[in-house]
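[1] here you go, sequence then predicted model.
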Amino acid sequence: DPSIFHKRHLKRVRILGEGNFGKVTLYMYDPNNDGTGERVAVKALKQDGGQTQHECWMKEIDILKSLYHPNIVKYKGCCTEQGGQIVQLIMEYLPLGSLKEHIIASKPGVPQCLLFAQQICQGMAYLHSKRYIHRDLAARNVLVENDNMVKIGDFGLTKHIPEGEGYYRVRENGDSPVYWYAIECLKESKFSFSSDVWSFGVTLYEILTRCDYRMSPPKKLVEMLGPAQGQMIVTALIALLERRKTLPCPKDCPQEVYMLMKQCWDIDPLLRPPFDSLIERVETIRKSYG
Ligand SMILES: Nc1n[nH]c2ccc(-c3ccc(NS(=O)(=O)c4cccc(Cl)c4)cc3)cc12
């Protein structure tokens, strides 16, 4: 069974990224022990968070296992230890790393940025078609296969919305990525397909600013809040968004793209464009670049 990976053949190379509860590490899977093995990305929980966290972790693995789309990172298998007590997720390795790192290094032009944005929309439209919401869409969680292909690379906060339901309400808020969160997520912890569209708008902003840290959503939004807000960030952020204050238009960002971002940040979730329509609109703008 090619989806079973034995720990003794996994040779650690380097860390690829760390989240609140997990980390992603590059390994060489080398069963012949001669360096001819393949490179794989391994996601593991950081520390034993008990039964609940184990159940969430197994759910995350099952979700990725069930997703097949060119713009979603491929599931390869699992590596288990201690009779299944510890499970590590094995994914394909994308050598160009996260979109955030790649954009900072390669400084793509507007058409290239729009191609990345269109593919993120394609991956998200597929995810929504299976009634999953991502809840953590951001440039750091998008991976680069090559200059013409990106994939959504982490599903740690992904939840299934049952038929007939319109949203998912969360209890835990941990260290959530609040600067990518829609206003209804901040106010009522209500997550929906439309709140993913809001996060896409922030991701599109990141891409068009070329992930310049001086214009990053956290830095820019805190500047807009004013220094006094300190510990009452979420309250101040809600007040800012209710006054229709949004992230500014990035330097060489076409007005029609900024209009798209602002529609993704509409206060009314129902007025935000679904990903199927965003695919067409981003593609149309991209093709107008000749
Ligand atoms: N280069 C790669 N090839 N395959 C991968 C799979 C996941 C990742 C990956 C995916 C996401 C991140 N973003 S991250 O913010 O570091 C992160 C967020 C949530 C949970 C974790 Cl463990 C890490 C960092 C790395 C990279 C690769």
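    On my side now, so go ahead. Not measured: the values here are computed from a predicted model. Residues are numbered from 1 along each chain as shown.
[2] low-confidence regions, the stretch 151-290 of the chain specifically.
    Along the stretch 151-290 of the chain, segments meeting pLDDT under 70 span 172-175, 228-230, 290.
[3] redo that, cut-off 90
    Low-confidence segments of the stretch 151-290 of the chain (pLDDT under 90): 170-176, 226-233, 289-290.
[4] contact residues of it facing the ligand?
    153-154, 156 (CB under 6 Å from any ligand atom). All C-beta spots, glycine's among them, are computed from the backbone N, C-alpha and C.
[5] let's have the residues you listed in JSON lines, adding secondary structure.
    As requested, those are exported to JSON lines (DSSP: H, G, I helix; E, B strand; the rest coil):
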{"residue": "G153", "secondary structure": "coil"}
{"residue": "D154", "secondary structure": "coil"}
{"residue": "G156", "secondary structure": "coil"}
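[6] how many neighbours does H54 have?
    Using other CB atoms under 10 Å, H54 has 16 neighbouring residues.
[7] please apply the same query to S98.
    23.
[8] ok, the nearest residue in space to it that is not next to it in sequence to L67 distance?
    Nearest non-adjacent residue to S98, counting by CB to CB, 6 or more residues apart in numbering: R140, 5.4 Å away. Applying CB to CB, to the nearest Å, the value for R140 to L67 is 19 Å.
[9] do the same with N148
    According to CB to CB, N148 stands 21 Å off from L67.
[10] what of E18?
    E18 sits 23 Å away from L67, going by CB to CB.
[11] more crowded one of the two?
    Ranked by neighbour count (other CB under 10 Å), E18 and L67 place L67 first, with 18 against 11.
[12] my read: the more buried one touches M124, true?
    No. In this structure, L67 is not within contact of M124 by CB atoms under 8 Å, at 11.6 Å.
[13] which pLDDT value goes with the most centrally placed residue in the chain?
    Nearest to the geometric centre of the chain sits L137, at 3.1 Å (CA atoms, centre = their mean). Looking at L137, its pLDDT is 98.
[14] for it, give me its contacts.
    Each residue near L137 by CB atoms under 8 Å, 6 or more residues apart in numbering is listed here: 120, 124, 152, 180, 196, 199-200, 203.
[15] leaving out chain neighbours, which residue sits closest to it?
    Using CB to CB, 6+ apart, the closest residue to L137 is S199 (4.1 Å).
[16] tell me which element the one you found falls in.
    S199 is located in helix 193-208, with elements delineated by DSSP states H and E.
[17] how about that helix, which residues are buried there?
    Buried residues in helix 193-208, defined by neighbour count with 16 or more other CB atoms under 10 Å: 193-208.
[18] state the distance from P111 to the ligand.
    Relative to the ligand, P111 is positioned 24 Å away (CB to the nearest ligand atom, to the nearest Å).
[19] C-terminal to whichever helix in the chain runs longest, what's the next element?
    With secondary structure taken from DSSP state H, the chain has its longest helix at helix 110-129. Scanning forward in sequence from helix 110-129 by DSSP H and E, the next helix or strand is strand 132-133.
[20] so which elements touch that next one?
    Judged by 3 or more CB pairs under 8 Å, 6 or more residues apart in numbering; DSSP states H and E, strand 132-133 is in contact with strand 159-160, helix 193-208.
[21] how about I15, secondary structure?
    When classified by three-state DSSP, I15 comes out as strand.
[22] and for it, the neighbour number?
    Number of residues near I15 (other CB under 10 Å) recorded here: 10.
[23] now do the helices in the stretch 51-200 of the chain.
    99-106, 110-129, 183-188, 193-208 (DSSP state H, counting those that start in this stretch).
[24] with only the CA atoms kept, save the shortest one in CSV.
    By that I understand helix 183-188. In CSV, the C-alpha atoms belonging to helix 183-188 read as follows (Å, rounded to 0.1, in the frame of the first residue of the first chain):
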residue,chain,number,x,y,z
ILE,A,183,-16.8,41.1,10.0
GLU,A,184,-19.4,38.4,11.0
CYS,A,185,-16.6,36.1,12.0
LEU,A,186,-15.3,38.7,14.4
LYS,A,187,-18.7,39.7,15.7
GLU,A,188,-20.5,36.4,15.9
